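Trainee: next one to model:
(chains A, B, C and D)
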4 protein chains.
Amino acid sequence: MADYIPSLASVDPQQFGMAVASNDGEVQVVGDCDVSFSVQSISKVFSLALVVANDGDQIWRRVSREPSGNPFNSLLQLDQEHGKPRNPFINAGALVVTDRLHSITGDATAYIRALVRRESGNPHIDGDPHVARSEGQQGHRNAALAHLLASYGNLECPVEAVLEQYFWQCSLSMTCRELALAASFLSRNGIRADGTRLLSGSHAKRINAVMLTCGTYDAAGEFAYRVGLPAKSGVGGGILAVIPDRCTICVWSPALGPSGNSTAGLAALDAFTTRTGWSIF
Amino acid sequence: MADYIPSLASVDPQQFGMAVASNDGEVQVVGDCDVSFSVQSISKVFSLALVVANDGDQIWRRVSREPSGNPFNSLLQLDQEHGKPRNPFINAGALVVTDRLHSITGDATAYIRALVRRESGNPHIDGDPHVARSEGQQGHRNAALAHLLASYGNLECPVEAVLEQYFWQCSLSMTCRELALAASFLSRNGIRADGTRLLSGSHAKRINAVMLTCGTYDAAGEFAYRVGLPAKSGVGGGILAVIPDRCTICVWSPALGPSGNSTAGLAALDAFTTRTGWSIF
Amino acid sequence: MADYIPSLASVDPQQFGMAVASNDGEVQVVGDCDVSFSVQSISKVFSLALVVANDGDQIWRRVSREPSGNPFNSLLQLDQEHGKPRNPFINAGALVVTDRLHSITGDATAYIRALVRRESGNPHIDGDPHVARSEGQQGHRNAALAHLLASYGNLECPVEAVLEQYFWQCSLSMTCRELALAASFLSRNGIRADGTRLLSGSHAKRINAVMLTCGTYDAAGEFAYRVGLPAKSGVGGGILAVIPDRCTICVWSPALGPSGNSTAGLAALDAFTTRTGWSIF
Amino acid sequence: MADYIPSLASVDPQQFGMAVASNDGEVQVVGDCDVSFSVQSISKVFSLALVVANDGDQIWRRVSREPSGNPFNSLLQLDQEHGKPRNPFINAGALVVTDRLHSITGDATAYIRALVRRESGNPHIDGDPHVARSEGQQGHRNAALAHLLASYGNLECPVEAVLEQYFWQCSLSMTCRELALAASFLSRNGIRADGTRLLSGSHAKRINAVMLTCGTYDAAGEFAYRVGLPAKSGVGGGILAVIPDRCTICVWSPALGPSGNSTAGLAALDAFTTRTGWSIF
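Mentor: Predicted coordinates:
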């Protein structure tokens, strides 16, 4: 578990939930699929999708889309590459994406909240202020990243505002069922639950590609090898995976392996694609 | 072009060829599809497949399968990770794979040659001694990598033998048509041209996964984003891509972009998946 | 010149001053020796001396004393060494020293100001609020360092307070004559101008040793080779050098070389030790 | 002890010797001052002195003189700085110095042997073939460095010849008394035992400066702080120190501290300068 966020350290590590949301709207569930947990980095998928939806490919001038090859919050690489984060799913890249979303919309929080509420059908989803606050207190490392980005001129909003927005989105509290539904636009070529389009088909595919190469910290290669699906994990123990044109899957179990991914979640997805043959490869 | 290998610097950069080998055995071709070129790093796919075919997952004790996040022949990362290369497609990793193949078979060259000859149907495919020799002369950097691997105890054969085998396989001279055919087992779940099995379906998928995350030097994320296919490129200007359950594609054009991948080859594959919609995402 | 601090970029680069303060109290001067300039990193010598005077060798638990082998404000090394800066003269180390001085005294600024005023005999020496403020505005990189130190638990005071104290001391405005006099305790084995002791003889020698190995950014080896004296430079164009048991020297000329040291200042000191033979080697 | 060189691992770690050679020719000794040991990296002082004596400051085009800030045999830094080693006392730098000496003289070994024999007065000093051979067997890391240097065009002689010369000089077997005498030209401003000049006074001072900033691996700052003398250590347990215009000191005790310097040798030199006050600061 992520013991650097005190609020997360008290979660019962024995829990396990899984939800599979088919493109036709059905949801199959197992275990603790309706227990809310802290989505943490999984939120980065939603902020990236909203920026791409509003701004197209502009964001790639400010963030690369290469795997990091280094622990997920490395300052070194950011500095060597002159303030351009390696990808939107490492913390530095997510800060830039959040900055851009906040700059475009004036309120990143409101836009992310509206998206996950509408797609999941639960109008009560929200951030957890205790988690957000404890991130803030422990957040010197993210503050260092944000100031370094600012020193390279790669933030539009003030450092404090970006950090506040970032901590809020990481604190979002959702269930497996809600997360699988909320991300279904990624397996439906960009189409929302109500049939309208959030992203072009090409952009949806491309976000899946970034998830596959960069979505699971420094274990993206291992994850692609064992599971073979685009996915994004969070230190709250959740993993969101996409099977294009078929379904989305969310697993959750709080105990984390050495790379920061849920141990049971990874094992469940490995078993799932081995049995179904639904790897993308 | 790879001007550090003198024999390659004299190739006409205006050439372009492409071949698509369907799983049913048909080959569609375009342009200079029957001109032989130096396969260079594309050979790493064949040596990896042969090691996995003979040895299963043992090789992953000695080589990781994470994207490198650094130029393809970095000594730094190898040193930081105590002599375990990041993946089998960076030079250090390919040296370990070659070492293992040579150690298992007693003659890595003979096994690779036999595989590409039989699958492509051309019994005359061979290494180019001029290219191999000029690699050898210019090969101080690869020699440094091999000695560093040896210093960490991660080579079984003598440094000189491993380098000789490695330079030979990089010097293999093949056409687009031959390469597409030779790699068809990757789009056919591990089945050879004659219907026998080289790899289990699961291992074939997994080699595709490694190609997607690690196959195009430090542009794997960019390549996945734009093309969306497992692929392996070489500094000779070739790119080999796999569409699982459908076909393999080989493009070739000698002029290289900043990441060492063929510029025209990348553009052709981008256009191909955009038109066909055959990205895996 | 240090164009990242706007207030410094407007200084006339043609100026040159030099002052030699003998241990017997005489001062020999040349050129613009009475023009005030921004001492910048030279202030780090005074804060270190005050911390050692008050706290002995405790500070070395929190800061190493090895040359950095990297540009002077590198985040990489700080991160690799888990928040323990390489030495007290790189920015990260100076932030820790300032933090400690502020923590011991309750007012680092007052203590530094009192020291330089009393030793130089000028009761009007002070920080330049314009410079301090422009450091603060441009200071995202130092803020990143301070937050990174805090993330490793290596700051006692709040990040904002440490930065404020740090920016103030860098903004100190002094002349060559004043700086040479203010640092005379280093050539007098720790004895102040009034004959009382600031530092033990051993501690004075040791601060000189740290100046020699770490005082001139990433050119300490070059500086030792050419000049052969303990010294500390600043991006305001000043260099303070010590000849133990004999004198202190301050040169100033605003134009900086590639390593951030005054070009004319370095040349003057090189000529000085070549002619006098007063190198310590 | 340096257990990577098997021949050194069998030396009795309890031994301790010390010799002080005054500029007037007298030698004061203590303990095991006449036991021969493997000088290892201390030999780098002699090869550097011979290159500077023959070639002046030319060598600095190919080797820098900055402290390394990294473990003594780091490949990373060499690669980042495009094959120009940080200083002549890290392994990469010493390989370049040896290469140059061998290139100038045609026989680096003969020149080094002649120097140490003549200055120490013992015509039987020689390399230890067992040690040289075990270096050679264990020497993959040095071979990696040499090939990397060659890949950047920074070797004149063949890799194998440079390595052979390098391993030989490291294997030199000398006593404390002999080493102190052999290096006396460094405390005598470049004058040999017979009164003739090996180095200009300025070059002798400058080699002392390089010893102070770079002579004791990644503990140069610590060593300057505690001992305050130019020095060069070796993994055989020897440390050679210079007090300019006064004497040279050689201590030897095989047990090494974490930075690769003799633990008892460092303590002895610390006590020596504390008692005598003969630090250069």
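Trainee: what's the burial count for the residue of the stretch 151-281 of chain A found nearest chain D?
Mentor: Proximity of the stretch 151-281 of chain A to chain D (Cβ to the nearest Cβ) peaks at A:Asp218, 18.9 Å away. For glycine as for every other residue, the C-beta is placed from the backbone atoms N, C-alpha and C. By other Cβ atoms under 10 Å in any protein chain shown, 22 other residues sit near A:Asp218.
Trainee: is it in contact with A:Ser259, as I believe?
Mentor: Yes. Look at A:Asp218 against A:Ser259 with Cβ atoms under 8 Å: they come within range, at 5.6 Å.
Trainee: spell out which parts of chain A neighbour chain C.
Mentor: Chain A comes close to chain C at residues A:74-76, A:79-80, A:140-141, A:143-145, A:147-148, A:150-151, A:159, as judged by Cβ under 8 Å from any Cβ of the partner chain.
Trainee: got a winner among those residues for most neighbours?
Mentor: A:Leu145 (30 neighbours).
Trainee: so what's that residue up against?
Mentor: A:Asn73, A:Leu75, A:Leu78, A:Asn91, A:Ala92, A:Leu95, C:Ala144 (Cβ atoms under 8 Å, 6 or more residues apart in numbering or on different chains).
Trainee: from these, pick the one nearest chain B.
Mentor: A:Leu78 (12.1 Å).
Trainee: which SS class is the nearest residue to the closest one once chain neighbours are set aside?
Mentor: Of all residues not flanking A:Leu78 in the chain, A:Ala92 sits nearest, at 4.9 Å (Cβ to Cβ, 6 or more residues apart in numbering or on different chains). Judged by DSSP: H, G, I helix; E, B strand; the rest coil, the three-state class of A:Ala92 is helix.
Trainee: in this structure A:Ala92 contacts A:Glu81, no?
Mentor: No. The pair A:Ala92 / A:Glu81 is not scored as a contact, 9.7 Å apart, by Cβ under 8 Å.
Trainee: who has more neighbours, these two?
Mentor: A:Ala92 (29 against 14).
Trainee: show me the contacts for the more buried one.
Mentor: A:Asn73, A:Leu78, A:Pro85, A:Arg86, A:Leu145, A:Leu148, A:Leu149.
Trainee: try it again at 10 Å.
Mentor: A:63, A:68, A:72-75, A:77-78, A:81, A:83-86, A:142, A:144-146, A:148-149, A:154 (Cβ atoms under 10 Å, 6 or more residues apart in numbering or on different chains).
Trainee: quick revisit: looking at the contacts of A:Leu145, which are in helices?
Mentor: A:Leu75, A:Leu78, A:Asn91, A:Ala92, A:Leu95, C:Ala144 (DSSP state H).
Trainee: what are the boundaries of the helices in the stretch 51-200 of chain A?
Mentor: Using DSSP state H, counting those that start in this stretch, the helices of the stretch 51-200 of chain A run over residues A:75-80, A:91-105, A:108-120, A:129-138, A:140-151, A:159-170, A:176-182.
Trainee: how about the residues of the stretch 151-281 of chain A near chain B?
Mentor: Counting by Cβ under 10 Å from any Cβ of the partner chain, the stretch 151-281 of chain A comes close to chain B at A:186, A:189, A:201-202, A:204-214, A:218-230, A:242, A:244-245, A:259, A:273-274, A:277, A:279-281.
Trainee: whichever of these end up buried, select them in PyMOL.
Mentor: Selecting only the buried entries of those in PyMOL, with 16 or more other Cβ atoms under 10 Å in any protein chain shown as the criterion:
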select buried, chain A and resi 186+189+202+204+205+206+207+208+209+210+211+212+213+214+218+219+220+221+222+223+224+225+226+227+228+229+230+242+244+259+273+279+280+281
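Trainee: so which of the residues of the stretch 151-281 of chain A next to chain B are in strands?
Mentor: A:Val242 (DSSP state E).
Trainee: any idea what the residue nearest to A:Val45 when sequence neighbours are not counted is bridged to?
Mentor: Nearest non-adjacent residue to A:Val45, counting by Cβ to Cβ, 6+ apart: A:Lys232, 4.9 Å away. With DSSP bridges as the criterion, A:Lys232 is bridged to A:Leu240.
Trainee: and for A:Lys232, the neighbour number?
Mentor: 30.
Trainee: coming back round to it: I'd like the distance between the residue of the stretch 151-281 of chain A closest to chain D and A:His130.
Mentor: Look at A:Asp218 and A:His130: by Cβ to Cβ, to the nearest Å, they are 29 Å apart.
Trainee: what do you get for A:Pro85?
Mentor: For A:Pro85 relative to A:His130 (Cβ to Cβ), the value is 28 Å.
Trainee: A:Ala183 too?
Mentor: 25 Å.
Trainee: higher neighbour count, the two?
Mentor: A:Ala183 (28 against 13).
Trainee: ok, now which ones touch the nearest residue to the more buried one once chain neighbours are set aside?
Mentor: Distances taken as Cβ to Cβ, 6+ apart place A:Thr248 nearest to A:Ala183, at 4.9 Å, with adjacent residues excluded. Listed by Cβ under 10 Å, 6+ apart, the contact set of A:Thr248 reads A:19-23, A:27, A:179-188, A:229-231, A:240-242.
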